[in-house]
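*Asks:* predicted coordinates and the sequence they were generated for:
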Amino acid sequence: MSFFNELKRRNVFRVGIAYAVAAWVLLQVVDLVLENIAAPEWVMKVFMLGVAVGFPVAVIIAWAYEVTPEGIKRESQIDRTQSIVHTTGRKLDRIIIGFLAVAVVFLLVDPFGYRSTTEPAVVDEAVTVSEVVSSGPATVDTGDDTQNDAVTPAEASVAVLPFVNMSSDPEQEYFSDGISEEILNVLTRIPNLKVAARTSSFQFKGKNLDVAEIGKQLRVNHVLEGSVRKSGATLRITTQLIEAETGFHLWSQTFDRKLEDVFAIQDEIASAIATELETRLTTGQNTASTPIDLDAYSMYLKARGLVAARSGPKLLEAINILKAAIELEAEYAPAMAILAKAYAVLPWFSDAIPVGEAREQARQWANKALDIDSNNAEALSTLGIVFSESDMNWAGATELLDRALKANPGSVAANNFRGDLATRTGDFENALKYESRAAELDPLGPVQLTDLANVYLLKGDYQEVISLSNRALELDQTFFSAYRHLMDAYFALGDIGQLESISRNLENLPGTPTDVKEVVPLMIGIGKGNEQQAQAHLQRQIQMAKSGELWASGVAYSAVLLKDFDLAGELLLQAYREKDGTWSFPSHIRLPEQAPDSEAWQEFWSKPGVTELVEIRRSHGFNPVAPGFGSGMKQ
């Protein structure tokens, strides 16, 4: 008998077919169960490996053993005249037919149909990433400014977690992050959908937390997660939408496309999610796809993450990357808007470029972006910073920021910068409103927490300042703005011990900005009544300002702490000439009433634009008395 006929006689073929069909059905059931219990992807992979290893084992057993009425015996021990292989074969045929019937049911019914009634498709007016990416990371109901601890059942909300990089090249990590960020930004154009901001959702990168816990922390009721595999010109994106409270998978899809189709995939995913959440994409907007050079797009994705990190070195790196991207794609408005933003916020985190020069660059790039897309919320918000802190055009800045909020009410940048403007003008009601909304949209963003702390600092609620600043440092221990807020709070509370602790921490942290490092020993000198020590540090700062290591506006702040208003006035006049308006945060530089007899101080407050700020602050009842050492203890 031939080997082939012997395989047939021993039912090896039947066993192989039965095993394969049964394994396929079993894998479908297991996949469904694992997805509904939100099991990690590796569990399914291990199960598939076990099934694959079991196949040759089953075939070998079918060859070497036989089922008899007395049980399983080795084939070599059985008299062939007594063999029942034919009976066993008919039983196997029935098993194969049964599993095939089940498989047909799976194919016809689709066990995942309950998650999506329609295949995700590109809608006629789908939002394109290339045009809306700068709109800001969230959309909220503008009729309620209350910050709730939980999401109400009727509120559609989603967090887009950073997609897992499945590529062999770890350098592609920024690409997978960028894809998820772009999908996030597309989702912001869906009306009545709250989308957690990038800074918050990306806090969970690489953390194996329960979906319910993520939803609770981000205050959303849905979570989108996925993976990206990029190999040459081929791209595979796998996504799944999960209900946060129950862990049930509402929708999932795998996209195998060419790399140049990445924009369409993002739109398609957003469209599918819109369908699942029973809403629709905004109509009446320009959503035509604009082809983008893929190298420029990759650079843009990387730079967005760097700008979001808000550190001097990363902002400078992002500026170089974005310029290179714009060289490849000359009409790339989102890249121009982010470049403008990088230049605009740079003076708050670095002294590498003079403030006036940085803000002028921000103006130019924001205007270029708006020439291409007049409703670019990121560019409008950035231009608002320039109008206020460089031009002293407070009405113009308000108009720009209101336009940004109208273009995208849920833009974190627009809410944040609008709150910053209100803080600087002494309008605490609106400052608290907009900064609270920005912090609600981005609850795990250090920038939003410290900017909200700004408002409480001016209101004299120093314990809240300390709480918010410490929360920011828990998220990023090198976020130096938080240390500056703690310094101001502990100075007002008269806590020398905490100021000395901050000084030690800053000495041990690499990259501490010079202005932050230099102010704290001056505060300690004032607190200890050691005027000589305080004056020595002030003189050191004056010399650093002359050499360009510090801005004049920063030294003016220190001069006000020491009540040297003549020096402060001269330094502020210099800052005014240099178009440096970073002094406008009014923690200590408040109003001309602080030093009515100082000529330099009064001259500064009489300058065009500064005079208007004085009137605005007075109209809001802003207190001209700045906190001194220990003054907060009396409250």
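*Replies:* Yep, it's here.

*Asks:* and residue 509, how many neighbours?
*Replies:* 14 (other Cβ atoms under 10 Å). Bear in mind the C-beta positions are built from the backbone N, C-alpha and C, glycine included.

*Asks:* who touches it in this structure?
*Replies:* By Cβ atoms under 8 Å, 6 or more residues apart in numbering, residue 509 lies in contact with 477-478, 480.

*Asks:* ok, of these, which come out buried?
*Replies:* Buried by 16 or more other Cβ atoms under 10 Å: residue 480, out of the contacts of residue 509.

*Asks:* output the contacts of residue 509 in a markdown table; the columns should cover distance to residue 99.
*Replies:* Below are the contacts of residue 509 laid out as a markdown table (distance: Cβ to Cβ, whole Å):
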| residue | distance to residue 99 |
| --- | --- |
| 477 | 57 |
| 478 | 58 |
| 480 | 64 |
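
*Asks:* looking at the contacts of residue 509, spot the one nearest residue 356.
*Replies:* Checking the contacts of residue 509 against residue 356 by Cβ to Cβ gives residue 480 as the nearest, at 22.4 Å.

*Asks:* do you know the pLDDT at that closest one?
*Replies:* Note on residue 480: pLDDT of 88.

*Asks:* quick one: residues contacting it.
*Replies:* For residue 480, the contacting residues are 349, 506, 509, 512-513, 516, by Cβ under 8 Å, 6+ apart.

*Asks:* quick one, which of these are buried?
*Replies:* Counted by 16+ other Cβ under 10 Å, those give 349, 506, 512-513, 516 as buried.

*Asks:* now the two most distant members of those.
*Replies:* 349 and 506 (15.0 Å).

*Asks:* now residue 414: closest residue in space that isn't a chain neighbour?
*Replies:* Take residue 414 and drop its neighbours on the chain: the residue closest to it by Cβ to Cβ, 6 or more residues apart in numbering is residue 404, 3.9 Å away.

*Asks:* what's the weakest-modelled helix or strand in this structure?
*Replies:* Counting by mean pLDDT, DSSP states H and E, the chain has its least confident helix or strand at helix 129-132, which shows a mean of 28.

*Asks:* can you name the next helix or strand after it?
*Replies:* strand 156-160 (DSSP states H and E).

*Asks:* what does that following strand rub up against?
*Replies:* Outside strand 156-160, the residues that touch it by Cβ under 8 Å, 6+ apart are 151, 180-181, 183-184, 187, 192-196, 200-201, 214-215, 218-224, 241, 273, 277-279.

*Asks:* go again using 7 Å as the cut-off
*Replies:* With contact meaning Cβ atoms under 7 Å, 6 or more residues apart in numbering, strand 156-160 is reached by 151, 180, 183-184, 187, 192-196, 201, 214, 218, 220-224, 273, 277, 279.

*Asks:* can you check stretch 447-462 too?
*Replies:* Identification of contacts with stretch 447-462 by Cβ under 7 Å, 6+ apart yields 310, 416, 419-420, 423, 428, 431-432, 435-436, 438-439, 442, 464-465, 468-469, 471-472, 481-482, 485, 488-489, 492-493, 585-587, 632, 635.

*Asks:* phi first, then psi, for the residue most central in space within the chain.
*Replies:* Per Cα atoms, centre = their mean, the C-alpha nearest to the average position across the chain is that of residue 198, at 1.6 Å. Phi and psi for residue 198, reported as degrees, to the nearest 10, are phi -60, psi -50.

*Asks:* then residue 241?
*Replies:* The phi/psi pair for residue 241 (degrees, to the nearest 10) is phi -100, psi 130.

*Asks:* would you mind measuring from it to residue 377?
*Replies:* Distance from residue 241 to residue 377, counting by Cβ to Cβ, to the nearest Å: 26 Å.

*Asks:* with neighbour numbers in mind, choose between the two.
*Replies:* Neighbour totals were compared for residue 241 and residue 377, and residue 377 leads with 27 against 24 (other Cβ under 10 Å).

*Asks:* you'd agree that one is up against residue 409?
*Replies:* No - contact between residue 377 and residue 409 fails when scored by Cβ atoms under 7 Å: they sit 9.4 Å apart.

*Asks:* per-domain residue ranges of the chain.
*Replies:* According to automatic domain parsing, the chain comprises the domains 3-111, 129-291, 292-408.

*Asks:* pLDDT score for the closest residue to residue 568 other than its chain neighbours?
*Replies:* Nearest-residue entry for residue 568: residue 559, 3.9 Å, with adjacent residues in sequence omitted and distances by Cβ to Cβ, 6+ apart. Reading off the confidence values, residue 559 has pLDDT 97.

*Asks:* using CSV, list the CA coordinates for stretch 259-268.
*Replies:* Only the C-alpha atoms of stretch 259-268 are listed here, as CSV (Å, rounded to 0.1, in the frame of the first residue of the first chain):
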residue,chain,number,x,y,z
LEU,A,259,1.5,54.9,2.9
GLU,A,260,0.2,57.7,0.7
ASP,A,261,-3.4,56.7,1.8
VAL,A,262,-2.7,57.7,5.4
PHE,A,263,-4.9,60.8,5.3
ALA,A,264,-7.9,58.9,3.9
ILE,A,265,-7.5,56.2,6.6
GLN,A,266,-7.6,58.9,9.4
ASP,A,267,-10.8,60.3,7.9
GLU,A,268,-12.2,56.9,7.6
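
*Asks:* so that it lines up with my notes, have the first residue be 33 from now on.
*Replies:* Sure, I'll start numbering at 33, so the last one becomes stretch 291-300.

*Asks:* let me see the mean pLDDT of that stretch.
*Replies:* Taken as a whole, stretch 291-300 has a mean pLDDT of 71.

*Asks:* if we can go back for a sec, out of the contacts of residue 541, who's nearest residue 430?
*Replies:* Taking Cβ to Cβ as the measure, residue 512 is the one of the contacts of residue 541 closest to residue 430, at 28.8 Å.

*Asks:* need phi/psi at the closest one.
*Replies:* Here residue 512 shows phi and psi, under degrees, to the nearest 10, equal to phi -70, psi -20.

*Asks:* any idea how far it lies from residue 478?
*Replies:* Applying Cβ to Cβ, the value for residue 512 to residue 478 is 10 Å.

*Asks:* repeat for residue 601
*Replies:* Taking Cβ to Cβ, one finds residue 601 at 33 Å from residue 478.

*Asks:* show me where the stretch 483-632 of the chain has helices.
*Replies:* With helices called from DSSP state H, counting those that start in this stretch, the stretch 483-632 of the chain shows them at 494-507, 512-525, 528-540, 546-559, 563-578, 584-593, 597-609, 631-637.
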